[in-house]
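> please work out how this folds:
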Amino acid sequence: MLETIQSVLFSHAKSLLGFAIFFFLLEYIIPAKNKIALVRKDFKLDLAYSFLLTILYFPVQIFATVFVGLYFYGAVGMPAGQATQPVTVTILQKASQGEVLILKNGSIQYQPVPGYAGLDSFIIKKSDGENSLVQTMLVKSADEVQERDGTSSVDNPEQISIFVTSSVLGGKITQGVTGWFLSARNMVLEQSLLMQIFLAVLVVDFFGYWRHRFMHSKFLWPFHTIHHSSKQVDWLSTDRFHPINHYITAFLNLIILTALFADPYVSATAMALRRKYGLFIHSNVRISYGFLNSVFVSPLFHRWHHSDSEAAFNRNYSTFFSFFDLIFGTFYLPTDKKDPASFGFYGGELTKGLIGQTIYPFLKLAETGRKL
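Residues are numbered from 1 along each chain as shown. The predicted structure follows:
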């Protein structure tokens, strides 16, 4: 596990170095009005957040992906009868072949439960050959990878431990989240790959708009305040998130993509685009899309979201498509389209330390509770 975490952190460091080079050149060529020094005073804090979230997100990603995969995909096969054995489930890596990249050489032990079980009672029991569990494999059992005596363990109920598919061509799905969204997932699967990716980006941005808007509510704002505490907004400040805020975002995205999109490659691509575009709109550049600002989120549009101006408070929640803000009445962009004079959040500021910012939301909520 330690070697794996080291590998993840090393990969993260390499990606940050690549982003640093790209955005340094971009911000040098077309800088915003408020130029930021190459090494600003609080860059260490943002680096700490970036690596901290990578470490904290790593085990949660494994747990959430496996369990949401096992339960939410609604196509879990298990042996008939009451007796089950613990199974080591292998986490696969070939996302381009319909398998999910989670952990190199990783595995997790799972105890199958006979019959119907799960978060919403829609796990399928393998019985009488009525369920055809086929197509893209998300998680495979270790012994399902190899064939025994010319017969795949998928075809032999005695050898089946547990496996999950992203699509079920035959059989039945009981009522539950997957059952409710099955028709929508099938409709998406009929589209071209590019259209599926576009739909994934669009849907995640729609739910992301409302998730972001709720993060500005009274109860969740103390956690989201951390992201707005930076007085200088650039690509590196993108990762300044409280872990609770980060977990809420990641888990919601996972549920949405799992429920509506069957191809893990589509989901992975959509999230990669969202990550990179998020860095871009936080960058310290003077880029505006003109009349297209009402359709797409530009760096200038999002920089006003981080302004400490009262007029811009609780505005511009979208990441990709600014028309969501236009539709729901939260669009804000001054007619002169100038860069904000200063950043932060309206009505206050936070301590600059990592530990202080981590415990701040809990102290704030406790203070609010005492006033009720």
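
> okay, helices next: where are they in the chain?
Along the chain, counting by DSSP state H, helices occupy 2-29, 43-72, 177-189, 193-215, 221-224, 243-260, 264-282, 299-305, 323-327, 354-371.

> residue 289: which of these is closest?
helix 299-305 (7.8 Å; CB to CB). Every residue, glycine included, has its C-beta placed from N, CA and C.

> same for that closest one, what does it pack against?
Applying 3 or more CB pairs under 8 Å, 6 or more residues apart in numbering; DSSP states H and E, we find helix 299-305 packed against helix 264-282.

> buried residues in the helix it packs on, which are they?
By neighbour count on 16 or more other CB atoms under 10 Å, the buried set for helix 264-282 is 264-271, 273-274, 277-282.

> quick one: that helix to helix 243-260, angle?
For helix 264-282 against helix 243-260, the angle by axes from the mean of the first three to the mean of the last three CA atoms, to 10 degrees is 140 degrees.

> for helix 264-282, packing partners?
Judged by 3+ CB pairs under 8 Å, 6+ apart, the packing partners of helix 264-282 are helix 193-215, helix 243-260, helix 299-305.

> give me whichever of the ones you listed is most buried.
Most buried of these, by mean neighbour count (mean count of other CB atoms under 10 Å): helix 299-305, with a mean of 23.

> low-scoring stretches of the chain, by residue?
For the chain, applying pLDDT under 70 flags the ranges 1-5, 34-40, 57-182, 347-348, 372.

> could you redo the last one with a cut-off of 80?
Applying pLDDT under 80 to the chain flags the ranges 1-12, 33-42, 53-186, 258-259, 262-265, 346-349, 351-352, 368-372.

> got the domain boundaries for it?
Annotated domains of the chain cover 2-64+186-371, 76-172 [automatic domain parsing].

> how near is residue 368 to residue 328?
From residue 368 over to residue 328 the distance is 26 Å, taken as CB to CB, to the nearest Å.

> what sits up against stretch 337-350?
Stretch 337-350 has contacts (CB atoms under 8 Å, 6 or more residues apart in numbering) with 32-34, 225-226, 228-233, 286, 288, 293, 300, 303-304, 306-310, 312-313, 356-357, 360.

> buried ones in that stretch, by neighbour count?
Residues 339-340, 343-345, 350 are the ones in stretch 337-350 that count as buried (16+ other CB under 10 Å).

> can you tell me which of the residues you listed is closest to residue 52?
Using CB to CB, residue 350 comes nearest to residue 52 of the buried residues of stretch 337-350, at 16.3 Å.

> for the closest one, give me phi and psi.
Backbone geometry at residue 350, expressed as degrees, to the nearest 10, gives phi -110, psi 170.

> residue 207 and residue 249, how far apart?
Distance of residue 207 to residue 249, computed by CB to CB: 10 Å.

> spit out the contact partners of residue 267.
For residue 267, counting by CB under 8 Å, 6+ apart, the contacting residues are 200, 257-258, 261.

> okay, the residues you listed in CSV with distance to residue 219 next?
Compiled in CSV, these are given as follows (distance: CB to CB, whole Å):
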residue, distance to residue 219
200, 29
257, 26
258, 26
261, 30
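
> max pairwise distance over those residues: which two?
200 and 258 (11.3 Å).

> list only buried entries from the contacts of stretch 337-350.
Buried, going by 16+ other CB under 10 Å: 32, 34, 225-226, 228-230, 232-233, 286, 288, 293, 300, 303-304, 306-309, 312, 357, 360, out of the contacts of stretch 337-350.

> and the closest residue to residue 351 other than its chain neighbours, how close does it get to residue 303?
In space, and not counting its chain neighbours, residue 351 is closest to residue 357: 6.3 Å by CB to CB, 6 or more residues apart in numbering. Distance of residue 357 to residue 303, given as CB to CB: 21 Å.

> same question, residue 190
Residue 190 sits 39 Å away from residue 303, going by CB to CB.

> could you do residue 334 as well?
Residue 334 is 11 Å from residue 303, where distance means CB to CB.

> pretty sure residue 33 contacts residue 284?
No: contact criterion CB atoms under 8 Å: residue 33 and residue 284 do not qualify, at 9.5 Å.

> which one of the helices of the chain lies nearest to residue 317?
Proximity to residue 317 (CB to CB) singles out helix 193-215 among the helices of the chain, at 4.2 Å.

> contacts for the closest one?
Residues from elsewhere that reach helix 193-215, judged by CB under 8 Å, 6+ apart: 188-189, 191, 220-221, 223-224, 245, 248-249, 252-253, 256-257, 260-261, 263, 265-267, 269-271, 273-274, 314, 317-321, 324-325, 328, 330.
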